[in-house]
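**Student:** how does the following fold in three dimensions:
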Amino acid sequence: PVQWETLKKFAFPWSKSSDELRILPIRFYDQIRRILGLPCTLRAGDIVIAEFVHTLPCIDRVAVYSCNRVCKIFLISTAVAAVFRLAIDDVADDTDCSDWEKPDPELGLVYWDYYNPDQKIYEKMIRVHQQLSNKVIFAGGSWIWNGISPNYSKTFTCTRAGLAACKKYHLLEVFCTAWMDNGAETPVDAVLPGLVLFAHLGFHEDFDEKALAEEFHDVTGASLNDFLELDALDSLFQNGQPNLDTDNPSKYLLYQDPLLGIFDRHIEDLDLDTERYYQDLADRLEICRKHTPAYDTLFAFYHSLASTLAGKADLGVRLKKAYDAHDLSTLETICEEVIPGIINDLSTTRLLREHLWMQDAKPFGYELVDIKLSGVIARLTSTRYRLRYYIDGRVKRLEELEADRLPYFLPGAPKRENLWHRIISGADLMDTI
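**Tutor:** Okay, here's the model as predicted:
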């Protein structure tokens, strides 16, 4: 049952003369999710209360749909389709939808899912959708919305499972989505492997790796294996396994503040030399760049990003270790050699990203990417000033480096943070009401 009294503190009157409640903006969603007992990790198909259910009825009126059945169906009409989502974990294999409210027969019903690696989940959800409409459309995705880098292992695993289910249940229409969450940081050409995979599976009964590589080269002029190297940017914690958790360290290790070290604990716990990891990747991407002149700027950008991460990924860890040991020699080296090198690499990365953006899109929106990347350069410069003051004895301590480094992610949870304002500081950039 919905705990209305607890929910009320996240709501405010729709108007001064109304008892109807409206959920506050989505930043309160996590608290509401916990109150309603929804799954901790949301996936396509799950209901997002604060984003889509804008009003709640009064306590003495009709209650929200039961969480153990549908949670809530919402329908968004467009010219040819409607969208609805179900709480996947609350739908049984033998769910009977005969008494459920159904959309207009003229509308298509879109089943969105690009999260699940298990074909059986897609099959279950397609069966439920087909009970509600005879015009079911499947929407999968090519993962370019997870930060700065694409996630091809997730794209390939979920697409193969999803489209196999679509074939089994004879869906006539599928399409590939490519979202641009949190500022469209990933260059749009990174979508190509996922798009070509969709086309490949539309013309082949089964996945054929060799045929896919040939088709990719035919339509793009590039090597599929070269593109797939980009998957390594976010596979730092995967130990060679597919990144199905959608970790995105290339984003938060780039943007995090070197003095605050919000994510440093996870680098400390990692039995891996991050400098060597990203430098080896940079070397491989330089070779890929030579193979693929048509996408020279794309691979130059990711080569530069990997070079930047080679210096920056563990910068905070090195700073904290040297500071705790009062190792002024190492701090001097970081201040005068390491940080200037990172700034130089990142300045190149920023210019290449700007070139890609202006090549692919209108200028509107690039200001966000520019602010993010330039902000890292500014904070690296400020870190040098702070270190210089400490090394020269003008301040006795650096309070930022006095603080203990705590875990950001819970044990066993995916190491994913795609919201820039949560990465750059522990202080809240958003309003608190």
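
**Student:** and the closest residue to Lys168 other than its chain neighbours, what's its pLDDT?
**Tutor:** Counting by C-beta to C-beta, 6 or more residues apart in numbering, Glu123 is the residue found nearest to Lys168 once chain neighbours are left out, at 6.5 Å. Where you see a C-beta, it was placed from the backbone N, CA and C, and this is true even at glycine. Listed pLDDT for Glu123 reads 95.

**Student:** for the one 4 residues further on, same thing?
**Tutor:** Model confidence at Arg127, given as pLDDT, is 92.

**Student:** my guess is it meets Tyr169, correct?
**Tutor:** Yes. Here Arg127 lies in contact with Tyr169, judged by C-beta atoms under 8 Å, at a distance of 7.1 Å.

**Student:** of those two, who's got more company?
**Tutor:** Each of Arg127 and Tyr169 has its neighbours counted (other C-beta atoms under 10 Å); Arg127 has more, 17 against 14.

**Student:** which element is that one on?
**Tutor:** With elements delineated by DSSP states H and E, Arg127 resides in helix 119-132, which encompasses its position.

**Student:** give me the distance between the residue nearest to Lys168 and Trp179.
**Tutor:** With the distance defined as C-beta to C-beta, to the nearest Å, Glu123 ends up 24 Å from Trp179.

**Student:** so for those two, which sits in the more crowded spot?
**Tutor:** Neighbours were counted for Glu123 and for Trp179 using other C-beta under 10 Å; Glu123 has more, 18 against 14.

**Student:** was I right about the more buried one contacting Ala165?
**Tutor:** Yes. With the criterion set as C-beta under 8 Å, Glu123 and Ala165 qualify as a contacting pair; they are 4.6 Å apart.

**Student:** what residues are shared contacts of these two?
**Tutor:** Between them, Glu123 and Ala165 have no joint contacts when contacts are counted by C-beta atoms under 8 Å, 6 or more residues apart in numbering.

**Student:** state the phi and psi torsions of the residue nearest the centre of the chain.
**Tutor:** Taking C-alpha atoms, centre = their mean, the centroid of the chain lies closest to Asn146, which sits 2.5 Å from it. Its backbone dihedrals place Asn146 at phi -100, psi 20, with angles given as degrees, to the nearest 10.

**Student:** so what's the gap between stretch 243-263 and the chain middle?
**Tutor:** For stretch 243-263, the distance between its averaged C-alpha position and the chain's averaged C-alpha position is 11 Å (C-alpha atoms, centre = their mean, to the nearest Å).

**Student:** for it, C-alpha coordinates in PDB please.
**Tutor:** Taking Å, rounded to 0.1, in the frame of the first residue of the first chain, the C-alpha atoms of stretch 243-263 are listed here in PDB:
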ATOM      1  CA  ASN A 243      30.300  -3.900 -19.600                       C
ATOM      2  CA  LEU A 244      26.700  -5.000 -19.000                       C
ATOM      3  CA  ASP A 245      26.600  -2.900 -15.800                       C
ATOM      4  CA  THR A 246      26.900   0.200 -17.900                       C
ATOM      5  CA  ASP A 247      29.800   1.600 -15.800                       C
ATOM      6  CA  ASN A 248      31.000   4.900 -17.200                       C
ATOM      7  CA  PRO A 249      34.400   5.800 -15.600                       C
ATOM      8  CA  SER A 250      35.600   7.700 -18.600                       C
ATOM      9  CA  LYS A 251      33.100  10.400 -17.600                       C
ATOM     10  CA  TYR A 252      33.400  10.700 -13.900                       C
ATOM     11  CA  LEU A 253      37.200  10.200 -13.800                       C
ATOM     12  CA  LEU A 254      37.500  13.000 -16.300                       C
ATOM     13  CA  TYR A 255      35.100  15.400 -14.600                       C
ATOM     14  CA  GLN A 256      35.800  14.700 -11.000                       C
ATOM     15  CA  ASP A 257      37.700  17.400  -9.000                       C
ATOM     16  CA  PRO A 258      41.300  16.400  -8.400                       C
ATOM     17  CA  LEU A 259      41.300  17.800  -4.900                       C
ATOM     18  CA  LEU A 260      38.000  16.300  -3.800                       C
ATOM     19  CA  GLY A 261      38.500  12.800  -5.100                       C
ATOM     20  CA  ILE A 262      34.800  11.800  -5.000                       C
ATOM     21  CA  PHE A 263      35.400   8.600  -6.900                       C
END
